[in-house]
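Participant: Dropping a prediction and its sequence here:
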Amino acid sequence: IGEGNRFLETFLPEYNAKFRKQASSRTNAHRRLGREFDLAHIMSERTVRTVGNDYTVRWKNRIFQIDKPVRPGLRGGKVEVAVHLDGTLHLTYKGKEVVWHELELMYKSIQRHTTPRGSMSKKPSKPSVPPPDHPWRQYKQPPP
């Protein structure tokens, strides 16, 4: 880190001298952020997910159930999952936030019982042969 800082002490003044440009005007051109801009949402990590027929959304091994009231077109529609910088999770559909709750995954607690490969001996299967009185044997071909 020290070596990197020493490099920057010599590099940055040369870089700034080469590429710095004076502003054409000294007035501040910054404007206030309008009310229509939600900075927390703009700065969030967002992904799009499809709503299932049961009004659930799957995201990162989690399942979210969308609560009533549901909107027309929500089933099969696209929902945006946004994680804000403070860690809160928001689901929006067509720009409107939806009410949801997370479902507990039942299969997390289920222990899988598997048999290692090769531990079970397979018996060779015999072909099934129908008895002589089976209807399959009674079929007569029509004459040509």
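Facilitator: Yep, it's here.
Participant: Against S25, how distant is the residue nearest the centre of the chain?
Facilitator: Centroid check for the chain by C-alpha atoms, centre = their mean gives W59 as the closest residue, at 4.0 Å. Distance from W59 to S25, counting by C-beta to C-beta, to the nearest Å: 47 Å. Using the backbone N, CA and C atoms, a C-beta is placed for each residue, glycine as well.
Participant: Ok, L85 next?
Facilitator: For L85, the distance to S25 (C-beta to C-beta) stands at 33 Å.
Participant: how about the residue lying closest to M43 once chain neighbours are set aside, what does it touch?
Facilitator: Leaving aside its sequence neighbours, M43 sits nearest to L85 (C-beta to C-beta, 6 or more residues apart in numbering; 5.8 Å). Shown in contact with L85 (C-beta atoms under 8 Å, 6 or more residues apart in numbering): A40, M43, S44.
Participant: and after the lengthiest helix in the chain, which helix or strand comes next?
Facilitator: Using DSSP state H, we find that the single longest helix of the chain is helix 2-19. Following helix 2-19 in sequence order, the next helix or strand is helix 39-42 (DSSP states H and E).
Participant: Any idea what the residue nearest to the centre of the chain is bridged to?
Facilitator: Following DSSP bridges, W59 is listed with bridge partners R62.
Participant: tell me the contacts of it?
Facilitator: Applying C-beta under 8 Å, 6+ apart, the residues contacting W59 are T47, R49, V81.
Participant: The second one: which element?
Facilitator: Following DSSP H and E, the helix or strand that holds R49 is strand 45-50.
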